[in-house]
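**Student:** next input, structure requested:
(one chain, ligands or ions: 1)
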Amino acid sequence: MNESLYKKRRETLLEKMQEGVAVLTNARLQTRSNDTEYPYRPNSDFYYLTGFKEDNSILVLIKTADETKCLLFVQKKVPEMELWTGKRLGVDAAKERFKVDEVFISEDFEKEMKVLMAEQHLLYYDLFSDDVLYKQLRALAKEMLHTRTVIVSPRSFSDITKLTQEMRLIKSREEIVQIKKALAITQKAHHHAMKVCKPELDEFVLQAEYEYIFKKEGAYSDAYTTIIAGGNNANTLHYINNDAKLKAGDLVLVDAGCEYGFYASDITRTYPVSGTFTQAQKELYEMVLDVQLKIIKAIKPKGSKKALQALSERLLTEGMVKLGILEGHVKTLMDEKSHKKYYPHGIGHWMGIDVHDPCPYSDDNGDEILFAEGMVLTIEPGIYLPEEDEALPEKYRGIGIRIEDDILVTKEGCENLSGSIVKSVAEIEAICKNK
Ligand SMILES: [Mn+2]
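**Tutor:** The predicted structure follows:
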């Protein structure tokens with residue numbers, strides 16, 4: 001994406017801010033063990049506002065009555081360090097690249113902040129997750145508070161992510177393009193895996209097949225840890241052990257999506273390990289699929305996630321009654337929340353730079369935010385029937401099914417961005433057999 005897009009986002013953020021100073025840091029390196037680190041991923045808000053991927057970089061936005069300013073702190077170029085950890089952009093190149101007012105080296109952050117914080121009442125930062133920065137800013141503010149020559153210094157701290165998360169709710173055309181690129185790769189991975197899946201394969205080997213396609217097709221990483229849940233493992237909602245063997249006759253539930261250009265995709269498909277659904281699996285699968293299709297159809301501007309949740313609970317309860325999984329009247333069962341036992345989760349979530357995009361679901365009055373053009377959400381109804389649950393018809397025990405797509409709200413209705421990843425019984429069986 002080009003630099004003016006990031007500049008525009010910073011300007012929008014400055015418009016939303018009250019007078020004050022905002023500090024946003026990029027993600028910090030995370031230790032894996034001893035002196036080795038996890039692969040680096042930038043902080044989502046920081047990336048949204050800069051497009052910059054280097055750690056130890058900081059964005060500072062200043063808003064006063066007369067002007068706004070945007071500063072960037074980047075790592076100093078140190079050849080001995082770059083030999084080990086790779087090239088750094090450095091101040092000069094950063095000045096060229098970023099449309100900001102000034103660029104400093106990160107080491108000067110505290111020194112510069114003392115100047116920038118003077119005469120300011122309000123400091124914005126990531127209030128809930130950046131404890132390191134909090135300590136640093138609080139120490140600075142305290143020092144200024146006790147400096148007799150400083151008349152005004154920050155006494156209020158506010159959460160910057162409230163403002164960035166509101167901005168990230170509506171995706172721009174450029175962002176939709178990124179999500180579509182991620183989904184094109186995720187589609188290839190799911191179709192490839194359906195072909196190579198077979199009995200006695202280790203779940204983590206099937207996981208590797210997904211990751212192989214992600215990387216081969218240019219996605220550096222998955223957007224979240226892949227769930228490969230064969231048979232009854234699908235009834236553990238966040239099963240990521242992936243260390244069992246896939247069994248003939250079982251279904252495998254795969255929740256896998258790549259991240260492309262730091263945009264997520266989030267797709268679940270459930271398919272037969274041996275390539276053919278049994279009659280019982282097919283009955284359950286088609287029930288869930290029918291519910292999913294109906295919910296997607298209901299998505300349009302001014303609609304709401306709460307309404308979709310209610311619809312999904314009613315439709316799944318009706319389906320479960322029809323199949324003899326639940327007994328009684330749909331309304332009574334729902335009042336008693338009996339359906340929650342087998343459909344315990346939400347119908348979906350916002351998706352974007354984060355797979356669970358942290359955008360708001362309700363406004364400042366507590367009213368639900370209604371769908372609008374440019375929002376992206378997942379739709380993922382599921383049904384989970386543990387093998388040890390003797391209240392269930394025997395033929396359904398040990399089956400877990402979820403079907404998940406990524407949906408864009410459009411002007412008129414919605415677009416299923418992942419609509420070409422196969423999901424009907426006939427399509428799945430055809431691709432599974434096409435080895
Ligand atoms: Mn999801």
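
**Student:** what ranges does the protein have for its helices?
**Tutor:** Per DSSP state H, the chain carries helices over the ranges 3-16, 44-50, 79-85, 90-97, 109-117, 131-145, 160-167, 173-196, 203-216, 279-297, 305-322, 330-335, 425-433.

**Student:** among these, which comes closest to I58?
**Tutor:** helix 109-117 (5.7 Å; CB to CB). Just so you know, the C-beta spots here come from the backbone N, C-alpha and C atoms, and that holds for glycine as well.

**Student:** now do that closest one, average pLDDT.
**Tutor:** Taken as a whole, helix 109-117 carries a mean pLDDT of 93.

**Student:** rewinding a little: worst average pLDDT in the helices of the chain?
**Tutor:** For the helices of the chain, mean pLDDT drops lowest on helix 79-85, to a mean of 86.

**Student:** quick one: name the residues of the stretch 201-350 of the chain near the ion.
**Tutor:** D266 (CB under 5 Å from the ion).

**Student:** residue of the stretch 201-350 of the chain closest to the ion, please.
**Tutor:** With CB to the ion, the shortest gap between the stretch 201-350 of the chain and the ion falls at D266, namely 4.2 Å.

**Student:** what's around the residue lying closest to that residue once chain neighbours are set aside, how many residues?
**Tutor:** Distance criterion CB to CB, 6 or more residues apart in numbering; nearest residue to D266, sequence neighbours excluded, is G257 at 4.5 Å. By other CB atoms under 10 Å, 29 other residues sit near G257.

**Student:** distance of G257 relative to R269?
**Tutor:** 11 Å (CB to CB, to the nearest Å).

**Student:** I407 too?
**Tutor:** As judged by CB to CB, I407 and R269 stand 16 Å apart.

**Student:** ok, the residue in the stretch 51-200 of the chain that the ion sits nearest to - contacts?
**Tutor:** For the stretch 51-200 of the chain, the residue closest to the ion is T186, as judged by CB to the ion, at 12.2 Å. Counting by CB atoms under 8 Å, 6 or more residues apart in numbering, T186 touches 214, 256-258, 265, 267, 418, 421.

**Student:** and the furthest pair within those?
**Tutor:** Longest distance between any two of the contacts of T186 is 14.9 Å, between F214 and S418; criterion CB to CB.

**Student:** how is this structure carved up into domains?
**Tutor:** Domain segmentation of the chain under automatic domain parsing yields 3-167, 173-433.

**Student:** and these, which is most packed in?
**Tutor:** Most buried of the domains of the chain by mean neighbour count (mean count of other CB atoms under 10 Å) is domain 173-433; its value is a mean of 19.

**Student:** now do it: distance from first to last residue.
**Tutor:** 37 Å (CA to CA, to the nearest Å).

**Student:** which stretches in the stretch 251-400 of the chain count as strands?
**Tutor:** Assigned by DSSP state E, counting those that start in this stretch, the stretch 251-400 of the chain shows strands spanning 251-255, 258-260, 263-264, 268-272, 376-379, 382-385, 399-402.

**Student:** so which of those strands comes closest to K7?
**Tutor:** strand 263-264 (19.5 Å).

**Student:** that older thread, pretty sure the residue of the stretch 201-350 of the chain closest to the ion sits against M351.
**Tutor:** Yes. Judged on CB atoms under 8 Å, D266 makes contact with M351 at a distance of 5.5 Å.

**Student:** mutual contacts of the two, please.
**Tutor:** Common contacts of D266 and M351 (CB under 8 Å, 6+ apart): 378, 406.

**Student:** tell me how far the closest residue to D45 other than its chain neighbours lies from M117.
**Tutor:** In space, and not counting its chain neighbours, D45 is closest to T164: 4.4 Å by CB to CB, 6+ apart. Distance, T164 to M117, using CB to CB: 21 Å.

**Student:** please apply the same query to F46.
**Tutor:** Using CB to CB, F46 is found at 20 Å from M117.

**Student:** again, but for E394
**Tutor:** According to CB to CB, E394 and M117 sit 68 Å apart.

**Student:** next: T270.
**Tutor:** As judged by CB to CB, T270 and M117 stand 54 Å apart.

**Student:** wait, what's in contact with the closest residue to the ion within the stretch 301-435 of the chain?
**Tutor:** Proximity of the stretch 301-435 of the chain to the ion (CB to the ion) peaks at T378, 4.3 Å away. Going by CB under 8 Å, 6+ apart, T378 touches 266, 348-349, 351, 404-407.

**Student:** try it again at 10 Å.
**Tutor:** 257, 264-268, 346-351, 355-357, 404-407, 418 (CB atoms under 10 Å, 6 or more residues apart in numbering).

**Student:** ok, now T317?
**Tutor:** Contacts for T317 (CB under 10 Å, 6+ apart) come out as 291, 325-326, 328-334, 337-340, 342-343.

**Student:** in space, what's closest to the spatially most central residue of the chain - neighbours in sequence excluded?
**Tutor:** Residue closest to the average C-alpha location in the chain (CA atoms, centre = their mean): V355, at 1.1 Å. What sits nearest to V355 in space, not counting adjacent residues and going by CB to CB, 6+ apart, is A264, at 4.1 Å.

**Student:** in the sheet, who's paired with the one you found?
**Tutor:** In this entry, A264 is beta-bridged to E259, by DSSP bridges.

**Student:** great, nothing more from me.
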